[in-house]
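predicted coordinates and the sequence they were generated for:
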Amino acid sequence: MYTKKLSKKMNKQLNNELYSAYLYLSMSSYAASIGLKGAANWFMVQYQEEMVHAMKFFNYINSRGEHTELAAIAAPPTEFVNLLDMFQQTLAHEQFITSSIYELTDLALAEKDHATHIFLQWFVTEQIEEEENDRDLIGKLKLIGDNGQGLLLLDNELATRVFVPPPTAAA
Ligand code: FEO
């Protein structure tokens, strides 16, 4: 069942997703400040996706008869070495998110709350894509190295990312 213990952990994940949004918003701003408008767009789309993730937890907690406990969101870093550093930090953060989703999934099973277990499956799958995207971009950036032309070409590619809103606000 949807126990208080499980709901508390779901609230923690809501906070994690809000922090993710905050982190990528900060990265978007930094990328724009160093002239990488495509990367700024990529991280802005990432921010929007994280807000969707956060709202999924927000709506789910209420749908189970509990209420959210909105906690302070930690300040994200505001300075980065370069784009490679930003994507390495992004991958490390997403690996942390994956482990927190796995912990939640384990708890949902331990508490025998099958509805929450099903709800979390979307996130389990989503994390595969999130980490894969980051690994691909890290690989490209390592190949590019100090080649400015290569970096600008990649920046143009990052400019094409588009945020696709979910079909409903609750999705
Ligand atoms: Fe909401 Fe990037 O995981």
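Sure thing, it's come through.

element containing the residue in the chain positioned nearest to the ligand, please.
Residue nearest to the ligand within the chain: His53 (3.7 Å; CB to the nearest ligand atom). Bear in mind the C-beta positions are built from the backbone N, C-alpha and C, glycine included. For His53, the host element (DSSP states H and E) is helix 37-63.

up against the ligand, what does this structure have?
Counting by CB under 6 Å from any ligand atom, the chain comes close to the ligand at Glu17, Ser20, Glu50, His53, Glu94, Ile97, Glu130.

can you add secondary structure and pLDDT and give the residues you listed back as CSV?
Conversion of the residues of the chain next to the ligand to CSV gives the following (DSSP: H, G, I helix; E, B strand; the rest coil; pLDDT from 0 to 100):
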residue, secondary structure, pLDDT
Glu17, helix, 98
Ser20, helix, 98
Glu50, helix, 98
His53, helix, 98
Glu94, helix, 98
Ile97, helix, 98
Glu130, helix, 96
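
just the pLDDT for Asn147.
At Asn147, the model reports a pLDDT of 97.

tell me the contacts of it?
Shown in contact with Asn147 (CB atoms under 8 Å, 6 or more residues apart in numbering): no residues.

can you give me the helices for this protein?
Per DSSP state H, the chain carries helices over the ranges 4-33, 37-63, 83-110, 114-144, 148-158.

TSV for the ones you listed, including mean neighbour count?
Conversion of the helices of the chain to TSV gives the following (neighbours: other CB atoms under 10 Å):
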stretch	mean neighbour count
helix 4-33	19
helix 37-63	19
helix 83-110	17
helix 114-144	15
helix 148-158	14
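
CSV for those, including distance to Leu70?
Converted to CSV, the helices of the chain look like this (distance: least, CB to CB, whole Å):
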stretch, distance to Leu70
helix 4-33, 8
helix 37-63, 9
helix 83-110, 18
helix 114-144, 20
helix 148-158, 32
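
could you check the pLDDT of Ala170?
Ala170 carries a pLDDT value of 51.

could you do Thr116 as well?
Looking at Thr116, the pLDDT reads 98.

do you know how far it is from Gln13?
Distance of Thr116 to Gln13, computed by CB to CB, to the nearest Å: 11 Å.

quick check: neighbours shared by the two?
In contact with both Thr116 and Gln13: Leu104, using CB under 8 Å, 6+ apart.

of all the helices of the chain, which one is nearest Pro165?
helix 37-63 (7.6 Å; CB to CB).

please name the residues that touch Val81.
With CB under 8 Å, 6+ apart, Val81 has no contacts at all.

that older thread, quick one: contacts for the residue of the chain closest to the ligand?
His53 makes contacts with Glu17, Ser20, Phe123, Glu126, as judged by CB under 8 Å, 6+ apart.
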